[in-house]
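Student: I need the structure of the sequence given here:
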Amino acid sequence: MNYDFNFDVIWRNWELLAQGLGLGLFLAIVSIAIGCLIGLLAAFGMLSRHKILRWIAGGYVSAIRNTPILVLILFCYFALPQLGIALDKISSFIFTLSIYAGAYLAEVFRSGLVALPKGLREAGLAIGLTEFKIKTNIIIPVMFRNVLPSLSNNFISLFKDTSLAAAIAVPDLTFYARKINVESFRVIETWMVASMIYVVACYVIAWLLRRLEQRLAVPR
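Tutor: Residues are numbered from 1 along each chain as shown. The predicted structure follows:
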């Protein structure tokens, strides 16, 4: 092996990689926040007594979960403008990632809702709360606490999926890594460092989320 490693080009462009990492984290945070709202609505829809709502929610979840995310990204960015829905590349990616996250979180929330004891609702009714207040003040907070480990895993997965934003030229970490690679031809160094950044970022995110889980855990 006669390959000579040279990381100088990486250090010279470190600021770009840091900017790309920051944008990736921003995309993941905004998308999972919107995805939680979508997933929550879909979860309640799948558990609704109304058959039409169950069909709509179930159809959305099934369709999105069985479509590759890259196809969804390209469809939203290139096809939606043909239908009169024009979004810039960052907004388009956030929209796609939110819809994608919502489909997966819907199953997480549905499982969490099903696992809740029925006595929670009955207790709320007993103290005079409306159905809406029972859901917002009792059901949803308890459910979120129970599904936090699954929610954390989905966030980490979503952060890694932000690397696909480079497909539509969103300047994230992968976009800048590819740019450095093309300009310098330092293939191994560029992708080695990019991979390490993703690994370290995911490890830090996982550690922070585990601390949050421990803080919110119900004492036994």
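
Student: From the centroid of this structure, which residue is nearest?
Tutor: Nearest to the geometric centre of the chain sits Leu158, at 3.6 Å (C-alpha atoms, centre = their mean).

Student: So it is in contact with Gly102, correct?
Tutor: No - in this structure, Leu158 is not within contact of Gly102 by C-beta atoms under 8 Å, at 10.9 Å. Any C-beta I mention is one placed from the backbone N, CA and C, and that applies to glycine too.

Student: could you say what helices and strands the helix or strand of the chain with the lowest mean pLDDT packs with?
Tutor: Lowest mean confidence among the helices and strands of the chain (mean pLDDT, DSSP states H and E): helix 119-126, at a mean of 78. Secondary-structure packing of helix 119-126 (3 or more C-beta pairs under 8 Å, 6 or more residues apart in numbering; DSSP states H and E): helix 131-134.

Student: Alpha carbons only: can I get the helix it packs on in CSV?
Tutor: The C-alpha coordinates for helix 131-134 follow below in CSV (Å, rounded to 0.1, in the frame of the first residue of the first chain):
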residue,chain,number,x,y,z
GLU,A,131,-61.8,14.4,26.5
PHE,A,132,-59.4,17.0,25.0
LYS,A,133,-57.9,17.9,28.4
ILE,A,134,-57.5,14.2,29.2
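
Student: Identify the residue spatially nearest to Gly100, adjacent ones excluded.
Tutor: You called it Gly, but residue 100 is Tyr. Nearest non-adjacent residue to Tyr100, counting by C-beta to C-beta, 6 or more residues apart in numbering: Ile69, 5.3 Å away.

Student: Local confidence estimate at that neighbour?
Tutor: Looking at Ile69, its pLDDT is 96.

Student: Buried residues, stretch 185-205. List them.
Tutor: Arg186, Glu189, Thr190, Val193, Ala194, Ile197, Tyr198, Ala201, Ile205 (16 or more other C-beta atoms under 10 Å).

Student: State the distance from the last one to Phe155.
Tutor: Distance, Ile205 to Phe155, by C-beta to C-beta, to the nearest Å: 7 Å.

Student: List the contacts of the residue nearest to Ser163 when sequence neighbours are not counted.
Tutor: Leaving aside its sequence neighbours, Ser163 sits nearest to Thr174 (C-beta to C-beta, 6+ apart; 4.2 Å). Contacts for Thr174 (C-beta atoms under 8 Å, 6 or more residues apart in numbering) come out as Gly20, Ser163, Leu164, Ala165, Ala166, Ala194.
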